[in-house]
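In: quick check, what structure comes out for this input:
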Amino acid sequence: MRSEELVVKALKDVLGDKLSAAELQQALEKPKSLALGDFAFPAFSLAKIFRKAPQQIAAEIAGQISQAHFEKVQAVGPYVNFFLNKSEFSQTILQTVLQQGQAYGNQDLGAAGNVPIDMSSPNIAKPISMGHLRSTVIGNSLAKLLRKANYRPIKINHLGDWGTQFGKLIEAYKLWGSEAEVKADPINKLLEYYVRFHKEDVAHPELDDEARAWFKKLEDGDEEAMRLWKWFRSESLKSFMKIYKKLGVEFDSFNGEAFYNDKMDEIVTILEEKQLLQESRGAQIVDLEKYDLNPALIRKTDGATLYITRDLAAALYRKRTYNFVQSLYVVGNEQTNHFKQLKAVLKEMGEPWADEIHHIPFGLITQGGKKLSTRAGRVILLEEVLDDAVELARQQIEAKNPNLENKEQVAEEVGVGAVIFHDLKNERMNNFDFNLEEVVRFEGETGPYVQYSHARAMSILRKAAAAGDKVALAGTYSLNDPDSWEVLSEIAAFPAMVKRAVNEYEPSVIAKYALHLAKAFNKYYAHTKVLQDDVQLGARLALVKSVATVLKESLNLLGVHAPDRM
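Out: Just a heads-up that it's a prediction; the model follows:
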């Protein structure tokens, strides 16, 4: 039985049906200091029921609680403070972690239900910038968290692979491009052609007519236009995949905007049949006034469909294909209104699953407090940032541990992991400033600090094994000193942190948790001779092994490697 459950049961035995187990669990608090106990129950909610002061209620409850599983239970003002039996608790928690390993913290919240995650979604023929980092790593971490909670995530890279820009790109390639150039450096060359087009069409506006003609050919399925479009898409994807491989991110689908070209007519037909389409200045809209939203523009005056038409088609396709229990869109905060409109139109269409669509918004990455912007010349290429981070990690490893085996691999894991961790330790709605030197530091609230803590735990275990002391999966794990208790309390909190991160779609819960556990462990290591040969050696090694296990799994849930040596 988990520690919170022990406290809830003890309270339930005293209070009966005055509060449900769920209400009691929700009311429980973690005191700011372990000196105040491991859990605290505030008695305020019982004041009206018992018609007594909360302080008096707390004192009466504390006097009636069974002392089984607790060192003591005491009332402090309006709170009932519970101090768990440290020896009993350390035995239970360490044995659980050692036996479950990386499965520790697994839970069944999803009953194996499918969850498509729309994430990353770069534009074809343009480089992946730092602006794409957040959607990619937040989406990847959410997929890992959902899998741990027994959902079945489906990662979809909804590529920006359609639109008038492809007419411009084809025209530019026809005028100035070469196959050899594109194959040698696809993204940069295609971008170079595209940028040149926009410079040239100032003096030669007829280029726009040629570009429109090429896009019309593409829409009509012209053989040459389709061949070039497919080639540009394929070359772009090859380039993208190098970055995704570096980040350790894989996808289940690359169905982008083009995939839904033949699926939008059905949406318009459904809206017409349900008499939801209205004329407005020659365009067709769905009125969303009752949702306090602007009208959703479905078709422009020239008959062209818009993003929302495409997203409606995508939502319907995903429901039919995956029969999802949730559908997530990891897209920037600036698109909040778009997704409100999307859900509202689906509700008007009579789709009950509209409420299972969730926009997972996030804030901006800034530099020097300013938004990264292509037009303002502040575009930062993600591949260059990752390469620079790896180089910084390599320099620090060379300085701290020049004889380390697999230095290149460790530098890659530390550098890339530092960038991912820095993004995910920030609550996703917050904007944050990016400074690479701070991100790749081995000290402070960084990914390398957590990785180093894991490597330190593994080093202790290797030394113990060399001396013939291996961690047994079952034994006497009785620890009751204050430093080990702080570590144990953190380890015990991991399943609850996983649940919270899943329910709030918030990877930062796990990143911050990993930092707290790493700090508690390093404090323990500084104050305790772990390898001292005495009766508690086995228990201390079990604690170190559990720390290594939970830190590794925490980093894994963020998409970050945990090297055994650093």
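
In: T366: which element?
Out: Using DSSP states H and E, T366 falls within strand 365-367.

In: look up which helix or strand Y525 falls in, please.
Out: Short version: Y525 belongs to helix 508-527, going by DSSP H and E.

In: what residues does that helix touch?
Out: Outside helix 508-527, the residues within contact range by C-beta atoms under 8 Å, 6 or more residues apart in numbering are 141, 145, 421, 424-428, 445, 449-450, 453-454, 456-457, 460, 483-484, 486-487, 489-491, 493-494, 497-498, 500-501, 543, 547, 550-551, 554-555, 557-558. All C-beta spots, glycine's among them, are computed from the backbone N, C-alpha and C.

In: which regions of the stretch 201-350 of the chain sit below the pLDDT cut-off?
Out: Applying pLDDT under 70 to the stretch 201-350 of the chain flags residues 303-305.

In: show me where it has its helices.
Out: For the stretch 201-350 of the chain, the helices defined by DSSP state H, counting those that start in this stretch cover 206-219, 223-247, 264-273, 307-322, 336-348.

In: what helices or strands is the following helix or strand past the last one leaning on?
Out: Next helix or strand after helix 336-348 toward the C-terminus (DSSP H and E): strand 357-359. With contacts defined as 3 or more C-beta pairs under 8 Å, 6 or more residues apart in numbering; DSSP states H and E, strand 357-359 has these neighbours: strand 327-329, helix 336-348.

In: so what are the sheet partners of the lowest-mean-pLDDT helix or strand in the chain and their directions?
Out: Using mean pLDDT, DSSP states H and E, strand 370-371 stands out as the lowest-scoring helix or strand of the chain, at a mean of 72. Note on strand 370-371: by DSSP bridges, its sheet partners are strand 365-367 (antiparallel).

In: and the contacts of the partner strand?
Out: For strand 365-367, contacts defined as C-beta under 8 Å, 6+ apart pick out 130-131, 133-134, 372, 378, 380, 423, 431-434.

In: redo the residues you listed as TSV? Include distance to I154 and secondary structure.
Out: Below are the contacts of strand 365-367 laid out as TSV (distance: C-beta to C-beta, whole Å; DSSP: H, G, I helix; E, B strand; the rest coil):
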residue	distance to I154	secondary structure
M130	26	helix
G131	24	helix
L133	21	helix
R134	20	helix
L372	29	coil
R378	34	coil
I380	30	coil
D423	22	helix
N431	29	coil
F432	29	strand
D433	33	strand
F434	30	coil
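
In: what's the farthest-apart pair in those residues?
Out: Spanning the widest gap among these are R378 and D423, at 17.7 Å by C-beta to C-beta.

In: please identify the helix or strand for D388.
Out: Using DSSP H and E, D388 maps to helix 382-400.

In: by how many degrees do that helix and helix 223-247 diverge?
Out: Using axes from the mean of the first three to the mean of the last three C-alpha atoms, to 10 degrees, the inter-axis angle of helix 382-400 relative to helix 223-247 is 20 degrees.

In: if we can go back for a sec, out of the contacts of helix 508-527, which sit inside helices?
Out: Among the contacts of helix 508-527, DSSP state H puts 141, 145, 421, 424-425, 449-450, 453-454, 456-457, 460, 483-484, 486-487, 489-491, 493-494, 497-498, 500-501, 543, 547, 550-551, 554-555, 557-558 in helices.

In: residues in contact with stretch 23-40?
Out: 3-5, 7-8, 11-12, 15, 19, 41-42, 45, 74, 76, 79-84, 482, 485-486, 489, 493.

In: can you list the buried residues in it?
Out: 24-25, 27-28, 36-40 (16 or more other C-beta atoms under 10 Å).

In: per-domain residue ranges of this protein.
Out: In the domain annotation for the chain, the residue ranges read 3-84, 114-261+323-359 (automatic domain parsing).

In: dump the buried residues of stretch 23-40 to CSV, plus secondary structure, distance to V440 and pLDDT.
Out: Shown next, in CSV, are those (DSSP: H, G, I helix; E, B strand; the rest coil; distance: C-beta to C-beta, whole Å; pLDDT from 0 to 100):
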residue, secondary structure, distance to V440, pLDDT
L24, helix, 44, 93
Q25, helix, 40, 90
A27, helix, 42, 93
L28, coil, 38, 94
L36, helix, 37, 89
G37, coil, 39, 92
D38, coil, 36, 91
F39, strand, 38, 94
A40, strand, 39, 96
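
In: among those, find me the one that's closest to H359.
Out: Proximity of the buried residues of stretch 23-40 to H359 (C-beta to C-beta) peaks at Q25, which lies at 29.0 Å.

In: buried set for stretch 161-175?
Out: In terms of neighbour count (16+ other C-beta under 10 Å), stretch 161-175 has its buried residues at 161-162, 164-173.

In: any stretches of the stretch 51-200 of the chain with poor pLDDT?
Out: Applying pLDDT under 70 to the stretch 51-200 of the chain flags no residue at all.

In: run through the strands of it in chain order.
Out: In the stretch 51-200 of the chain, the segments counted as strands under DSSP state E, counting those that start in this stretch are 70-76, 79-84, 114-118, 152-156.

In: show me what the third one is packed against.
Out: Applying 3+ C-beta pairs under 8 Å, 6+ apart, one finds that strand 114-118 makes contact with helix 133-148, strand 152-156, helix 307-322, strand 327-329.

In: between these, which one is closest to S478.
Out: That would be helix 133-148 among the helices and strands packed on strand 114-118, by C-beta to C-beta, at 29.7 Å.

In: what comes up buried for the closest one?
Out: Of the residues in helix 133-148, 133-146, 148 count as buried by neighbour count, 16+ other C-beta under 10 Å.

In: where's that helix relative to the chain centroid, distance-wise?
Out: How far helix 133-148 lies from its chain's middle: 4 Å, per C-alpha atoms, centre = their mean, to the nearest Å.
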